[in-house]
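Novice: quick one: sequence and predicted model below, then my questions.
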2 protein chains.
Amino acid sequence: MQDRTFTADAEPGDHATVAGWVHEIRDLGGIAFLILRDKTGKIQVKFEKDEMDDDLVETGLGAHRESVVQVTGDVEEEERAPTGVEVTPESMQVLADADPELPLDPSGKVDADLSTRLDNRTLDARKPETKAVFEIRAEVLRAVREYFRSVGSTEINTPKIVATGTEGGTELFPVTYFGREAFMNQSPQLFKQLMVGSGLERVFEVGPIFRAEEHNTPRHLNEATMIDFESAFIDHEEAMDVCEGTLKAAYSAVEEHCQEELEILGIADEFEAPTDDFPRLTYEEAIERINATGELDEQLVWGDDLPTEGEKALGDDVGGHYFVTDWPSEIKPFYIQDYDDDPDLSKGFDLMHPRMELVSGGQREHRYDALVEGFEQQGLDPDQFEYYTKMFRYGMPPHAGWAYGVERLVMTMLDLDNIREAVLFPRDRQRLSP
Amino acid sequence: MQDRTFTADAEPGDHATVAGWVHEIRDLGGIAFLILRDKTGKIQVKFEKDEMDDDLVETGLGAHRESVVQVTGDVEEEERAPTGVEVTPESMQVLADADPELPLDPSGKVDADLSTRLDNRTLDARKPETKAVFEIRAEVLRAVREYFRSVGSTEINTPKIVATGTEGGTELFPVTYFGREAFMNQSPQLFKQLMVGSGLERVFEVGPIFRAEEHNTPRHLNEATMIDFESAFIDHEEAMDVCEGTLKAAYSAVEEHCQEELEILGIADEFEAPTDDFPRLTYEEAIERINATGELDEQLVWGDDLPTEGEKALGDDVGGHYFVTDWPSEIKPFYIQDYDDDPDLSKGFDLMHPRMELVSGGQREHRYDALVEGFEQQGLDPDQFEYYTKMFRYGMPPHAGWAYGVERLVMTMLDLDNIREAVLFPRDRQRLSP
């Protein structure tokens, strides 16, 4: 529709064609109002029954809620209208009639549970709150990619059908690939590492990952959109700098470009882009601080993974994003490098939001012999990963990197209750459709 | 490495640390040169054997090609050096030694066949030509996304594990999803349509698609990166406008930002971003023009799909990108809308590059009854797609859209012989690794 005017752009004095959904009809007797909604907002359409063509009145007031309509007429100032203007229709067309019974009320007047919302995402994402989440998610992706480019990182796409998973294991979805056994990739880890050894040196990817974890919690998904970064010639400290940079860029961009969406979500006032350096606690400091909070029944000892309640206690204590560094080697993946002078300590790190873990990363093992040994210690057959390990024999630079899911970032940024609110069509243990 | 200087930034007078790969060693007797290569270029490192520490000389000249090294020293002007400067090393460290036998020569002096290149992408992408292709691919994606945002389109991510394929059929890879049968999605088609019916109205996605086609040709992949667009309240003509806009934006961005890469690929002189309108031929005009070329053994008649030789003949005749519109309904997918006044004619379109088809798109069927009828005519069970069709009962606006693979765009833009040259890790009938 070349001549369509968005409702937000309709000005008094315009002769305009607006198009969108029938949000509401208010019939006051001699006069009736149809509220038309499009992606930019709403506008009032006025029907004066005695002064208008019967057919037009019938079309307007007979339209079911959520039908798609197109209205042409003069835009006039009307201070009693919700947006201060209204359209007096000359003509109206129903482009798509809606059933009178809707499975979900996009006006939000009737609450719907999450499952009903996900079954009917089309209707659900007509609600300004849902739409706002996904507009913000898109802005986050834009800002993160822009930041990556500002630090000289090249976007790559790596395969999602793979012969072997990143860490092997049972958390892989099997695929039949022309009669052969294959898997859906759980992480671009190995592929992005192969690329830091190429002339690209520094790469990022935004793409889906697949994890057959049996978890069914408000913070896990079986398919997620991962933001991956990896760079040659940097260590874990510099990798953390880039990671912090992407997060701050995402928050700043949302603060700058999504005020309207933040207002719709009711968090515009408290939303604040972080500007201070994220504290970097060693694992040892982290468990000491957790123990000092007294929130755990049992004191943590060196070697324990951080329990969810521990993360929560520490998050409350720190009050913002923070890194945990220098983890015990045994609880980090084998491809993370250990300190040469203390092999029990790894150069892995996590970035934490007070509510949950966001990022895993670290300096990688780039030395062939140590890497192959790592595979063996993990109980994996290095021969199965030869396509990967052999490149470490041809000049693999020291490198570091990390990954986080955009869903957890959006969930923590907007303080959503359930990670499924940050994905249009989530995949979990039960949900495979739509 | 906080203090690393890229070779391209090393200026005479600097005391610098450069790091990269040993590209070549030239030993002239009393003097020897090590050429160090990083992502920005190369630099000469000079070893004067009699004037330097023996250990340093041994480290420098003992390094195998493609080892990763770090060199610190003074940068000086030297007009005989390839880049006009050289480094006199004070210290040098081998960060990762390379095997003396390499499966592929990154200097490009020894040719490698495509299969060897793909088996060893890390080494292959150290070649400036390969690297240039992927830098350009990244720039294409950036430019296309920027264009999408400029026309008010929101980025979405849709699921890759699905209960049913877009068009059903046998061209789907089966996945085992927690004991249930599922598939890897062959297209975001249905999901992006569900979103044009939401408050987002206009969406795009860049993501992987999976097609179990048995093709094994230089222009087919079984996993590709698709650029998808879909918008409410537009028709196929306006969809073509946006499509043309993304392509022109991609070409212009490459022309503006990738001159160096185009020079490396030897196509900087002839590379030209299209500025004229792409011709829009109806299918009928297209077959007439193909027949008129006399290139086909048999004349095409109405209802025939365009054969590859026909596309080629027409491409030569037109001499640039062009659209083919108004296709016979029977050779377009059922979800494409037909003209109301001529149901044998569909509002589908293709965008052609002289070498091959790039884009499929069209105005979609948004009317519930016609859509369900289409499923049935296709031999598909509409009940299986109820998650999709039912949303058409709740106010689905008229809409149109299209999709193209970034690999075909890059392949035609850079005149690559094989589509596999435009993917880091291609997946085809045989290739599942790396």
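Specialist: Right, received. Where do you want to start?
Novice: just for chain A, where's the confidence low?
Specialist: Chain A contains residues with pLDDT under 70 at A:166-170.
Novice: now the farthest one out in it, which residue is it?
Specialist: Within chain A, residue A:50 marks the point farthest from the mean C-alpha position, 51.4 Å out by CA atoms, centre = their mean.
Novice: I'd like the distance between it and residue A:29.
Specialist: Going from residue A:50 to residue A:29 by CB to CB, to the nearest Å gives 11 Å. Yep, even glycine has a C-beta here, placed from its N, CA and C like the rest.
Novice: could you pull out the strands in the stretch 1-150 of chain A for me?
Specialist: For the stretch 1-150 of chain A, the strands defined by DSSP state E, counting those that start in this stretch occupy A:15-27, A:31-38, A:41-48, A:68-77, A:85-96.
Novice: redo those as TSV? Include mean neighbour count and distance to chain B.
Specialist: Shown next, in TSV, are these (neighbours: other CB atoms under 10 Å in any protein chain shown; distance: least, CB to the nearest CB, whole Å):
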stretch	mean neighbour count	distance to chain B
strand A:15-27	19	5
strand A:31-38	21	7
strand A:41-48	20	10
strand A:68-77	19	5
strand A:85-96	19	5
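Novice: format those as a markdown table; extra columns: distance to residue A:321.
Specialist: Shown next, in a markdown table, are the strands of the stretch 1-150 of chain A (distance: least, CB to CB, whole Å):
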| stretch | distance to residue A:321 |
| --- | --- |
| strand A:15-27 | 39 |
| strand A:31-38 | 37 |
| strand A:41-48 | 34 |
| strand A:68-77 | 43 |
| strand A:85-96 | 44 |
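Novice: closest one to residue A:116 among these?
Specialist: strand A:15-27 (18.9 Å; CB to CB).
Novice: quick one: the closest residue to the residue farthest from the centre of chain A other than its chain neighbours from residue B:136, how far?
Specialist: Nearest residue to residue A:50, sequence neighbours excluded (CB to CB, 6 or more residues apart in numbering or on different chains): residue A:30, at 6.4 Å. Relative to residue B:136, residue A:30 is positioned 65 Å away (CB to CB).
Novice: so for these two, which sits in the more crowded spot?
Specialist: Taking neighbours as other CB atoms under 10 Å in any protein chain shown, residue A:30 and residue B:136 compare with residue B:136 leading, 23 against 10.
Novice: I'd say that one and residue B:254 touch.
Specialist: Yes - here residue B:136 reaches residue B:254: they are 5.6 Å apart, a contact under CB atoms under 8 Å.
Novice: now do the SS call for the closest residue to chain B within the stretch 151-300 of chain A.
Specialist: Per CB to the nearest CB, residue A:198 is where the stretch 151-300 of chain A lies closest to chain B, at 3.4 Å. Secondary structure assignment for residue A:198 (DSSP: H, G, I helix; E, B strand; the rest coil): coil.
Novice: if I pick it, what's in contact with it?
Specialist: By CB atoms under 8 Å, 6 or more residues apart in numbering or on different chains, the contact list for residue A:198 reads B:121-126, B:130-131.
Novice: wait, the residue nearest to residue A:50 touches residue A:48, no?
Specialist: Yes - Residue A:30 is within contact range of residue A:48, at 7.0 Å (criterion: CB under 8 Å).
Novice: what's the local residue count around residue A:219?
Specialist: 18.
Novice: measure how buried the closest residue to it other than its chain neighbours is and give me the count.
Specialist: With CB to CB, 6+ apart as the criterion, residue A:219 has its nearest non-adjacent residue at 5.1 Å, and that residue is residue A:419. Applying other CB under 10 Å, we find 22 residues neighbouring residue A:419.
Novice: ok, the one 4 residues further on next?
Specialist: For residue A:423, the number of neighbouring residues by other CB under 10 Å comes to 27.
Novice: if I look at it, how far off is residue B:314?
Specialist: 43 Å.
Novice: picking that back up, okay, and the common contacts of residue B:136 and residue B:254?
Specialist: Residues touching both residue B:136 and residue B:254 (CB under 8 Å, 6+ apart) are B:261-262, B:413.
Novice: next up, the contacts around residue A:73.
Specialist: When contacts are counted by CB under 8 Å, 6+ apart, residue A:73 is found next to A:15-16, A:45, A:87-91.
Novice: can you give me the helices in the stretch 101-250 of chain A?
Specialist: A:114-119, A:121-124, A:128-150, A:189-196, A:236-257 (DSSP state H, counting those that start in this stretch).
Novice: how many other residues sit next to residue A:105?
Specialist: 16.
Novice: check the secondary structure at residue A:289 for me.
Specialist: Here residue A:289 is helix, with the state taken from three-state DSSP.
Novice: wait, it sits on residue A:314?
Specialist: Yes - the pair residue A:289 / residue A:314 is scored as a contact, 5.7 Å apart, by CB under 8 Å.
Novice: more crowded one of the two?
Specialist: With neighbours defined as other CB under 10 Å, residue A:289 and residue A:314 compare such that residue A:314 has more, 23 against 15.
Novice: how about the nearest residue to that one, chain neighbours excluded?
Specialist: Per CB to CB, 6+ apart, closest to residue A:314 is residue A:290, 5.0 Å.
Novice: and for that neighbour, the neighbour number?
Specialist: Neighbour tally, residue A:290, other CB under 10 Å: 24.
Novice: ok, residue A:302 next?
Specialist: 9.
Novice: next one: it from chain B, what distance?
Specialist: Distance, residue A:302 to chain B, by CB to the nearest CB, to the nearest Å: 30 Å.
Novice: ok, now which ones touch residue A:200?
Specialist: Residue A:200 neighbours (CB under 8 Å, 6+ apart): A:154, A:156, B:39, B:125, B:131, B:134-135.
Novice: make a PyMOL selection of the buried ones in these.
Specialist: PyMOL command restricting the contacts of residue A:200 to the buried ones, with burial defined by 16 or more other CB atoms under 10 Å in any protein chain shown:
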select buried, (chain A and resi 154+156) or (chain B and resi 39+125+131+134+135)
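Novice: what's the most distant pair in the contacts of residue A:200?
Specialist: Within the contacts of residue A:200 (distances taken as CB to CB), the two that end up farthest apart are A:156 and B:39, at 13.6 Å.
Novice: and the strands in the stretch 251-400 of chain A?
Specialist: Under DSSP E, counting those that start in this stretch, the stretch 251-400 of chain A gives strands at A:280-282, A:322-325, A:338-339, A:342-346, A:348-353, A:356-363, A:399-405.
Novice: nearest to chain B, out of those?
Specialist: Closest among those, using CB to the nearest CB: strand A:399-405, at 10.0 Å.
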